[in-house]
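A.B. asks: The sequence and its predicted three-dimensional model are supplied below.
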2 protein chains.
Amino acid sequence: MFESAEIGHKISKSEYEAQESTLRIQLLEIQEELKNASFPVIILIGGVDGAGKGETVNLLHEWIDPRHLETHAFGAASDEERERPEAWRFWRVLPPKGKIGILFGSWYTHPIIDRVYGKTKIADLDVALMRINSFEKELVDDGALIIKFWFHLSKQAQSDRLKALMKNPETRWRVTDVDWQHFKLYDKFRRTSEHAIRTTSTGEAPWIIVEGSDKRYRSITVGKHILNLISKRLATDNTQETKISPPPTLIENPYTILDTLDLEQSLSEEEYKRLLEKYQGRLNLLFRQAKSIGKSIILVFEGWDAAGKGGIIRRITSALDARDYQVIPIAAPTDEERSHHYLWRFWRHLPRAGRVTIFDRSWYGRVLVERVEGFASEPEWMRAYNEIVNFEQQLQDHGTLVLKFWVHIDPDEQLRRFQLRQETPYKHYKITDEDFRNRAKWNDYELAANEMIERTSTEFAPWYMVEANDKKFARIKVVKTLCDRLKKSL
Amino acid sequence: MFESAEIGHKISKSEYEAQESTLRIQLLEIQEELKNASFPVIILIGGVDGAGKGETVNLLHEWIDPRHLETHAFGAASDEERERPEAWRFWRVLPPKGKIGILFGSWYTHPIIDRVYGKTKIADLDVALMRINSFEKELVDDGALIIKFWFHLSKQAQSDRLKALMKNPETRWRVTDVDWQHFKLYDKFRRTSEHAIRTTSTGEAPWIIVEGSDKRYRSITVGKHILNLISKRLATDNTQETKISPPPTLIENPYTILDTLDLEQSLSEEEYKRLLEKYQGRLNLLFRQAKSIGKSIILVFEGWDAAGKGGIIRRITSALDARDYQVIPIAAPTDEERSHHYLWRFWRHLPRAGRVTIFDRSWYGRVLVERVEGFASEPEWMRAYNEIVNFEQQLQDHGTLVLKFWVHIDPDEQLRRFQLRQETPYKHYKITDEDFRNRAKWNDYELAANEMIERTSTEFAPWYMVEANDKKFARIKVVKTLCDRLKKSL
């Protein structure tokens, strides 16, 4: 879930300056429109210490007209606050319609910190998080726009940053003992935060994870998200009387997790054969062990057309007994499937104890093809992230092993393979005009894939990225990953 | 919460026969329309043993065309089911669009039973219930109509019924050891069910509580609710192509909790003075005790115009030090209040530790005047029940004592008092044309009040009914109730 916020996003000084001035003007314009709107904007700021939360909030106060912006930080409760239910301190500062309220800290702080320090159990955390969900739903039902930013730093980056702050006499005071204490608990904090973010990234109020290491990057990113979300919400605000200017251009697709993949990786024919034999043998053994203890396995394959999913799947199934597995290719739903909830068709194929189900494309179609082609509306695919994670959580809780692979190639490689298919008679059936049409939407699909990976990669069911420009490399990577994960889970 | 299902609802044989034939025809008609609808109907049946769940389901199979109706009962899980996540058994039987599925048992059974038998903690139950809420929300988001019936019997009625079944050789087999075992746990089952129903009575899928002691009453009630809810949902179903017949008339307001009040109760002047002095003295002492330990108190008064709320409040405040209490009269919201969530104006008046806040009308306006006058839309007031109970739960969790009084008079008494106000110069300001206009909507307000009491009377903040045709009786009842509850809570 945090993978995409650990890839070192950066913006150069010149690019920053070019973007900043436009952004500031647009923010002031949108704020002017917001004044007459029928809804408040609630911005929550949370995340890792030292990831620039404070600096960002200060910057927003420079950028936005402070007459319509209020920031409230939540430290230890005052006696006035302790004498009322916990939510009182938040209710009293909720912004009215037409205004922006920044809550620094917020209702997430206590449940997460208490859990990290072992003061509460996981069930207590879950209850607290689900109460938060109802609370936010209440606010959204009432019209509020809630924007939640989570500032993230990798463990290394956080340590570097704290050290740098310590070195400089001017910033040293900003690093407290509590910061170092939190740092020691980094891993637990990360796990707990991930759990909290996942549980509360609802369709109504999803989290936005911001990589905090580069100041320019995080400032522009936060500013643009605020601009886009307010502008989008204004467009649907019926009571809005003033003329609405067209929404500003969306954030350009930034450097993403997919961009970090090294597609040049390859294997020689010889090496491939040797490794394949080795891992298939191991896999067969592991599958039989899993079967003997009734452990079920679900494999999910997503990726570009012609990325080689089918070939990978065949290398796995050849290590299995045909009685023990099912390959479910997901194309257009049947009539019966169409008359049920979109997840129904996947629930019906869940494996029995000790069996394997391989999905060639899957429930992720909801947030990929259905999103891009408009078969699912925005509210539908937005809430699907949460529905999908819930679904996989249930599989996990039951003891099923879920592995998800994104099989990745670049557009040139895809074109090369398409042309090859056209030229090869027995592969000809695999290529249609639609495949070429889909290529035109490469950028949309890439955006959707990145967001999918960001929002559905969980500690119990992470996405595995498979560099597949070289088919041999891809097959070995998948089979090896499968062996490793399966072994760990037994 | 169960109060209104313990007042002995009955329908005579002749009335039943008259209603049944129409109802059956309407049910068949609505089912015909449902065939082409874009949504499924999911009916959940839960409740106390012996309250007629099984008989009602069998009756529905007689009434409704079985080709489009499926019932699934959930006992012990099969091995097929145990090998998948728990929800699998429910997903596999969810009805498709256009059909009705009755789930006898359902996802509520295990969480409730496990808690009653002490196998789980309250936090586990809460997690399970909130997962249920997300699951049901998913289904509703996808279009499903979920109708949840809870069959209730008072402890006495359940015992009577089990004994009667035992006596008759033909029905004896239906009473199992498990039934008697459950009966021993009646009180715990009732508490746990109430908690579960409250937590899961969402705006999307509220529970309908049905008194189970009279077979004719419960059959007609269930049938009518199904008819009304499907017909209402069909009216908003856009993809519906066939002509929609006008929805059948709504259920006539049945015998309700307000009808059970004995408004003839009164006190002599002498007795009144004696009791008032006694309880005011006691109250003063109790208030001071509460203050010394920092216990906050919130009193809520709702009821008909001219029911005497002001007079009651004055009898309470005269036992208090002016520095310790606030009376908050709730009329139209201020501009600032209007620009916030409707609960904001109440949150801001929560008392500090050891203080008392008295609300003369309250947040219940959302489900009373705002509902009846159309200031709040149906989704708004429907979800308000849950929002309000959540709000009061937070007060309870914090240790605040919440007492809610419904001050009740009948229409004749109200008219008498209105006329008196017109004739008495110093009371003249209290009466306006609007008061007379509101009288015309007596039935609507009564319906709203009954539903409010049903849906928001909780174990920690029950509604107290105050028979107020005699002002003296009403005042003493409130002051005495307050003393009793306050004493218990210290």
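C.D. replies: Received, thanks. Numbering: from 1, shown residues only, chains lettered A, B, ... in the order given.
A.B. asks: neighbouring contacts of stretch A:382-400?
C.D. replies: Stretch A:382-400 is contacted from outside by A:198, A:201-204, A:206, A:295-298, A:342-343, A:346, A:350-351, A:363-364, A:366-367, A:376, A:402, A:452, A:455-456, A:458, A:460-461, B:84-87, B:131, B:134-135, B:138, B:141, using CB atoms under 8 Å, 6 or more residues apart in numbering or on different chains. All C-beta atoms are positioned from the backbone trio N, CA, C, and that covers glycine.
A.B. asks: try it again with 7 Å
C.D. replies: Stretch A:382-400 has contacts (CB atoms under 7 Å, 6 or more residues apart in numbering or on different chains) with A:198, A:201-203, A:206, A:295-296, A:298, A:343, A:363, A:366-367, A:402, A:455-456, A:458, A:460-461, B:84-85, B:87, B:134, B:138, B:141.
A.B. asks: Would you indicate which residues of that stretch are buried?
C.D. replies: A:382-396, A:398, A:400 (16 or more other CB atoms under 10 Å in any protein chain shown).
A.B. asks: In helices, which of those appear?
C.D. replies: Among the buried residues of stretch A:382-400, the members falling in helices are A:382-396, A:398 (criterion: DSSP state H).
A.B. asks: pLDDT on the longest helix anywhere in chain A, on average?
C.D. replies: Across chain A, the helix with the greatest residue count (assigned by DSSP H) is helix A:269-292. The predicted model assigns helix A:269-292 a mean pLDDT of 95.
A.B. asks: and the next element down the chain from it?
C.D. replies: Moving toward the C-terminus from helix A:269-292, the next helix or strand (DSSP states H and E) is strand A:297-303.
A.B. asks: what comes up buried for the following helix or strand past that following strand?
C.D. replies: Counting by DSSP H and E, the next helix or strand C-terminal to strand A:297-303 is helix A:309-317. Across helix A:309-317, burial judged by 16+ other CB under 10 Å covers A:Lys309, A:Ile312, A:Ile313, A:Arg315, A:Ile316, A:Thr317.
A.B. asks: how about CSV for those, with distance to A:Phe359 and pLDDT added?
C.D. replies: Shown next, in CSV, are the buried residues of helix A:309-317 (distance: CB to CB, whole Å; pLDDT from 0 to 100):
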residue, distance to A:Phe359, pLDDT
A:Lys309, 10, 95
A:Ile312, 13, 96
A:Ile313, 10, 94
A:Arg315, 16, 94
A:Ile316, 12, 94
A:Thr317, 13, 92
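A.B. asks: out of these, who's nearest B:Ala448?
C.D. replies: Closest approach between these and B:Ala448, by CB to CB: A:Lys309, at 57.7 Å.
A.B. asks: mind checking how far the closest one is from A:Ala448?
C.D. replies: Relative to A:Ala448, A:Lys309 is positioned 17 Å away (CB to CB, to the nearest Å).
A.B. asks: Please name the nearest non-neighbouring residue to A:Pro40.
C.D. replies: With sequence-adjacent residues excluded and distances taken as CB to CB, 6 or more residues apart in numbering or on different chains, A:Pro40 is closest to A:Pro95, at 4.3 Å.
A.B. asks: Count the residues that sit near the one you found.
C.D. replies: As a burial measure, A:Pro95 scores 22 neighbours (other CB atoms under 10 Å in any protein chain shown).
A.B. asks: Report the separation between it and A:Gly8.
C.D. replies: In this view, A:Pro95 and A:Gly8 are 35 Å apart by CB to CB.
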